[in-house]
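J.: coordinates for the following, if possible.
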Amino acid sequence: MYVALVYGIFYSFLECFPLVYPPLYGFNLGESNLPFVTVVIALVFAMSTYMLYWGKVSAPRVARNGFGPPEDRLYYALFTSWLIPIGLFIFGQ
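T.: As a prediction, the model looks like this:
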């Protein structure tokens, strides 16, 4: 359910960027694509930190104990789950 919510929010952002930035902030056609660049930058940052986490924390634990219950992997998602509402509030102001 959480992943479905995150995907829904992400694709809603992709749909509303052209509806928000040109009329409210006066972006032209070229400038209205700049928010999409920030999405790519954020995804590269998230991917690199997740690869570091997997290599340093998860892979050694999986090698020792196996995968274990799914709740063990959700523990670390709690640290970043608060970023979604903060992003929504920043976009909404």
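J.: contacts only, for residue 72.
T.: Applying C-beta atoms under 8 Å, 6 or more residues apart in numbering to residue 72 gives no contacts. Where C-beta positions appear, they are placed from N, C-alpha and C, glycine not excepted.
J.: list the buried residues for stretch 4-17?
T.: For stretch 4-17, burial by neighbour count (16 or more other C-beta atoms under 10 Å) applies to 13, 17.
J.: ditto for stretch 57-66
T.: Judged by neighbour count (16+ other C-beta under 10 Å), stretch 57-66 contains no buried residues.
J.: over to stretch 15-30?
T.: Of all the residues in stretch 15-30, those buried under the rule 16+ other C-beta under 10 Å are 17, 21, 27.
J.: can you redo the residues you listed as CSV with pLDDT and distance to residue 64?
T.: Shown next, in CSV, are the buried residues of stretch 15-30 (pLDDT from 0 to 100; distance: C-beta to C-beta, whole Å):
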residue, pLDDT, distance to residue 64
17, 85, 44
21, 88, 48
27, 90, 51
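J.: so which of these is the closest to residue 48?
T.: residue 17 (23.8 Å; C-beta to C-beta).
J.: just to revisit the earlier point, let me know the closest of the buried residues of stretch 15-30 to residue 45.
T.: residue 17 (18.9 Å).
J.: hmm, residue 37 and that closest one touching each other?
T.: No. Using C-beta atoms under 8 Å, residue 17 makes no contact with residue 37, being 10.9 Å away.
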